[in-house]
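Enquirer: structure here, sequence nowhere to be found:
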């Protein structure tokens, strides 16, 4: 009996284990592949953030291997913070990472990424002037922009009839219980800060506290603090208003004609960039730079953003994209809005700490509730100990 | 009373299996984009995409290779450990069992972080090799081991300890007696332990997350999709995995009941 089971299990697993290579070997004829160099670079990128060959799109990593003979070990992360912890703990050797703006300035401050040799990256010439020397990397020594975008508001046209032009609509009591907010402090605080007219990168304690107060006022109206669940909640009509990244807007808007996406023109918005960097101590720096150069190739960049849905920092790549994408103000907003918008940079340590504390207060409903919760738990614990002691004593008395 | 218990178990099963049922249904959803909650016709589209997604298949392959190796190694080690523990005196047995049970009650995150620290410490000492497949397999064996021991122990306790001696009296060598008598007796426990280790290894996220280095397993891959959104391909993959495990379990059960029947027949004939 056990032999059959073992054989069966082995067969199933073997089939599963072998099949990927079988599928991967379907190479297109034509261009000859470059000879293998035997080098594998470790790439760490956001989930679902590269064109992967599904549905006749370009398989970017495979194309890179074909052109250069360098293999790619591609892995993914979910937040800038988890990328940071992975790097800081020293558990992995990456050659390429793609963090966002504020994380890049943090990594530069802590000497965790290396200066790039731009003579190995000639395709940097295609990066638009507007994206060079950004705030997070002022001399543009450490990073090459990959994609960018802005934050806007999804709204359900059936229920939200007024124009969505200001972040204040997320505080409108009319929509109580139908509003979603970001489940991450920087983005949520950013919205409150824009309403109050503060900078995202303020170090003023009072300003942060005022923003927290505003978020606490909003809390009773908020249905939930979520990240990607907004897609389900919006398309099913559970929620009517939700801020999110513009790059992910297209699929939802296409899917459901009732849903619109607007960028608050009144206050401006967060303008974010994800950029390619090489961590300090990378073992294959040259090959990594070849990879960066490859990603900046307008053809590759165009194929990539076409799949991802975010915006490209290259005009040359924009020309290769479908016209309705390039002319869509969601993806390429007017300069007027961009001028009002701001990028996150790394905050000083004490501001970060303050932000974490304030965010916990906003989500938990203030320190008062936490104290009550602790008191209740302590009460239960005491009760339990009391019962145990009482039982022990009773048992002892019965023994005597 | 009977109707109440029936209704109760029906509700229980509904709660257990409704999510899986929904997942299976939506893996056949023919939506033009990636909607997860609107039904728009039947198609095998996501299964086709699944087969083209090299990254996902790579993560799946890593997960399965790790799960198979971890399950087999931890079963062998765990069975040997259980037999050893069973032979100890009462005091020692209790102490060792407490120690082996500790990893199960220990928060996973503590296990994960401490394993990572240990691996990083050794990796640095041995010339900066990075974590990957090997450290993942070691970590998975570590957390699977207690479960195997726990499922083999009761079978050893149930077994008549004189059986082993009797076999030797009838001319078996100790090794032969172990393979002919002890092993078949505790086999159900071993199989249960192995299946448990396999499934635990497949769905572990926390410990893998800390020890994976530059290798990616399926749970980590799926989790990293959460900024954008989890693709329906994952529904298709989960359906396939669920189906495979279902079939395996059914075969195990059928085989066992067949064996039992054969035994009963033998007894009747005798």
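Expert: Everything's here; your move. Just so you know, these numbers come straight off a predicted model, no measurement behind them.

Enquirer: under a three-state scheme, what state does whichever residue of the stretch 101-250 of chain A sits closest to chain B occupy?
Expert: Residue of the stretch 101-250 of chain A nearest chain B, by CB to the nearest CB: residue A:228 (4.2 Å). C-beta coordinates here come from the backbone N, C-alpha and C atoms, glycine included. For residue A:228, the assignment made with DSSP: H, G, I helix; E, B strand; the rest coil gives coil.

Enquirer: tally of neighbours for the residue of the stretch 151-270 of chain B found nearest chain A?
Expert: The nearest approach of the stretch 151-270 of chain B to chain A comes at residue B:224, 3.4 Å away (CB to the nearest CB). Look at residue B:224: counted by other CB atoms under 10 Å in any protein chain shown, it has 25 neighbours.

Enquirer: what's the pLDDT at it?
Expert: Model confidence at residue B:224, given as pLDDT, is 88.

Enquirer: show me the contacts for it.
Expert: For residue B:224, the contacting residues are A:46-47, A:76-78, by CB atoms under 8 Å, 6 or more residues apart in numbering or on different chains.

Enquirer: sorry, back to before: correct me if wrong: the residue of the stretch 101-250 of chain A closest to chain B contacts residue B:230.
Expert: Yes. Judged on CB atoms under 8 Å, residue A:228 makes contact with residue B:230 at a distance of 7.0 Å.

Enquirer: rewinding a little: sec struct for the residue of the stretch 151-270 of chain B closest to chain A, please.
Expert: At residue B:224 the chain is in helix, as set by three-state DSSP.

Enquirer: identify the residue nearest it in space, chain neighbours excluded?
Expert: Leaving aside its sequence neighbours, residue B:224 sits nearest to residue A:47 (CB to CB, 6 or more residues apart in numbering or on different chains; 3.4 Å).

Enquirer: which strands or helices does the longest helix along chain A pack on?
Expert: Ranked by residue count under DSSP state H, the longest helix found in chain A is helix A:366-399. Helix A:366-399 is packed against no helix or strand, with contacts defined by 3 or more CB pairs under 8 Å, 6 or more residues apart in numbering or on different chains; DSSP states H and E.

Enquirer: contacts only, for residue 132.
Expert: Going with chain A. Counted by CB under 8 Å, 6+ apart, residue A:132 has contacts residue A:140.

Enquirer: chain B is the one I meant
Expert: B:212-215.

Enquirer: again, but for residue B:81
Expert: Residue B:81 makes contact with B:100, B:145, B:149 under the criterion CB under 8 Å, 6+ apart.

Enquirer: quick one: distance of the one helix or strand the last one maps to to the chain centre.
Expert: Under the criterion of DSSP states H and E, residue B:149 resides in helix B:133-158. Counting by CA atoms, centre = their mean, to the nearest Å, helix B:133-158 is centred 10 Å from the centre of its parent chain.

Enquirer: ok, and which of the contacts of residue B:132 reach chain A?
Expert: Filtering the contacts of residue B:132 for proximity to chain A (criterion: CB under 8 Å from any CB of the partner chain) leaves B:212-215.

Enquirer: is there a quick PyMOL command that grabs whichever of those are buried?
Expert: In PyMOL, this line selects whichever of the ones next to chain A among the contacts of residue B:132 come out buried by 16 or more other CB atoms under 10 Å in any protein chain shown:
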select buried, chain B and resi 212+213+214+215
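
Enquirer: which ones among the ones next to chain A among the contacts of residue B:132 map onto strands?
Expert: Among these, none falls in strands (DSSP state E).

Enquirer: now the ones next to chain A among the contacts of residue B:132 as TSV including distance to residue A:95?
Expert: Putting the ones next to chain A among the contacts of residue B:132 into TSV (distance: CB to CB, whole Å) gives the following:
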residue	distance to residue A:95
B:212	17
B:213	13
B:214	9
B:215	15
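
Enquirer: if we only consider the ones next to chain A among the contacts of residue B:132, which is nearest to residue A:37?
Expert: Set against residue A:37, the nearest of these by CB to CB is residue B:214 (18.1 Å).

Enquirer: for that closest one, give its distance to residue B:108.
Expert: Residue B:214 is 21 Å from residue B:108, where distance means CB to CB, to the nearest Å.

Enquirer: tell me the secondary structure at the residue lying closest to residue A:185 once chain neighbours are set aside.
Expert: With sequence-adjacent residues excluded and distances taken as CB to CB, 6+ apart, residue A:185 is closest to residue A:359, at 3.7 Å. Assigned with three-state DSSP, residue A:359 falls in the helix class.

Enquirer: contact partners for residue A:359?
Expert: With CB under 8 Å, 6+ apart, residue A:359 has these contacts: A:185, A:188-189, A:212.

Enquirer: filter these down to the ones in helices?
Expert: Counting by DSSP H, the contacts of residue A:359 contribute A:185, A:188-189, A:212 to helices.
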